[in-house]
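Novice: sequence and computational prediction follow.
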2 protein chains.
Amino acid sequence: MTSAAKGSPSPRLTRNQAMVYDALVSASGAMTAYQLLDALRAEGLNAPPQIYRALQRLTDIGLVHRLESTHAFVACQHGDGTGHDTAAFAICDDCGDVVELSDARLARDLRSLADGSGFTPHRASIELHGTCERCRPAND
Amino acid sequence: MTSAAKGSPSPRLTRNQAMVYDALVSASGAMTAYQLLDALRAEGLNAPPQIYRALQRLTDIGLVHRLESTHAFVACQHGDGTGHDTAAFAICDDCGDVVELSDARLARDLRSLADGSGFTPHRASIELHGTCERCRPAND
DNA sequence: CGGGCGAACGTTATGATATAACAACAACGC
DNA sequence: GCGTTGTTGTTATATCATAACGTTCGCCCG
Ligand SMILES: [Zn+2]
Ligand SMILES: [Zn+2]
Ligand SMILES: [Zn+2]
Ligand SMILES: [Zn+2]
């Protein structure tokens, strides 16, 4: 029924989880929890916990990423959320567009940098703020 | 008088800014704005805007960094806050300790990764969560 | 000296983000 | 049927951050 509940490697989504995920996929960029709530009131979601619970599950299984620097959430741009341990996000401060970048070299550098100080990383949050290609000519 | 107002390249700090900065330097790790407020009530700071304004100025001039993933603030560990455009933070989820890492290779990789998608970065937020050296044996 | 002016301050109120807690309900194995 | 487990809907509350406004401070210049 929803675009996400089919034959993916992820566990099946509940109704609320699918609604939130579909909203994020339809959106061209990131959305905050309360933007999602506003968008989904018409479909029966009324209160923050319903949104945050769905987002928690979706981020746990890797279908959605949380952008710490903007308190927003974005659908994973790598299909089903499998296979990237170190993702970086390029966030355009002009238009809000978000691109998910993945790079093995970056992951390796981060790991070795952490190792150098005896740190064992479990997760990383890498967010670049700046201007995207489309917005650059305008404010050059 | 304060530890920061001397012959640095930064402008002199006001009384409130110095109080907040000193509190962060004294703290071994990061503090949230409201933790700072609680710590500085005895010295006359009463309301959130006083804290947030000082933090804004301190982060603008590079003496303090904001940790997006924990909504906390930490004094720059590179002396006076000059000369690092790409800092990464290793945050121990066990003890809260924060180490500021700086690496030219990481900065270069990030820049080339962004360039590859036409993105012009202005600032980066790189935060690693995990376990620090001292805490690792305990929960291995 | 004494305005004039811009930055910083103190205060009140409010906005934005996120979670605790609990009762009702559905799904499943037995 | 019946316990177990996880999801749901709901209310209330906690946590993080800023708007707005009048006052005071520091400092330059006439
Ligand atoms: Zn992804
Ligand atoms: Zn843009
Ligand atoms: Zn620093
Ligand atoms: Zn630790």
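Specialist: That came through, no problem. The shown structure was predicted, so the numbers you read here are calculated from the model rather than taken from an experiment. Ligands and ions are numbered 1, 2, ... in the order given.
Novice: please parse chain A into its domains.
Specialist: A:15-75, A:87-130 (automatic domain parsing).
Novice: between the ones you listed, which gets the lowest average pLDDT?
Specialist: When the domains of chain A are ranked by mean pLDDT, domain A:87-130 comes last with a mean of 94.
Novice: so that one, near ligand 2 or not?
Specialist: Yes - Domain A:87-130 lies within reach of ligand 2 by Cβ under 5 Å from the ion, at A:C92, A:D94, A:C95, A:D97. Backbone N, C-alpha and C define where each C-beta goes, glycine included.
Novice: show me what the longest strand belonging to chain A is packed up against.
Specialist: The single longest strand within chain A, with elements called by DSSP state E, is strand A:120-131. Here strand A:120-131 touches strand A:87-92, helix A:104-115, helix B:104-115, strand B:120-131, going by 3 or more Cβ pairs under 8 Å, 6 or more residues apart in numbering or on different chains; DSSP states H and E.
Novice: now these in TSV, with mean neighbour count?
Specialist: Formatted as TSV, the helices and strands packed on strand A:120-131 follow (neighbours: other Cβ atoms under 10 Å in any protein chain shown):
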stretch	mean neighbour count
strand A:87-92	23
helix A:104-115	17
helix B:104-115	17
strand B:120-131	19
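Novice: contact partners for A:I91?
Specialist: Residues near A:I91 by Cβ atoms under 8 Å, 6 or more residues apart in numbering or on different chains: A:A30, A:L67, A:S69, A:T70, A:D97, A:V98, A:E127, A:L128, A:H129, A:G130.
Novice: so it bridges to which residues?
Specialist: Per DSSP bridges, residues listed as beta-bridge partners of A:I91: A:V98, A:H129.
Novice: show me where chain A has strands.
Specialist: Ranges of strands in chain A, per DSSP E, are A:64-67, A:72-75, A:87-92, A:98-102, A:120-131.
Novice: coming back round to it: give me the buried entries from the residues of domain A:87-130 next to ligand 2.
Specialist: Using 16 or more other Cβ atoms under 10 Å in any protein chain shown as the burial test, these include A:C92, A:D97 as buried.
Novice: which ones, among the residues of domain A:87-130 next to ligand 2, also lie beside DNA strand D?
Specialist: Among those, no residue sits close to DNA strand D (Cβ under 7 Å from any atom of the strand).
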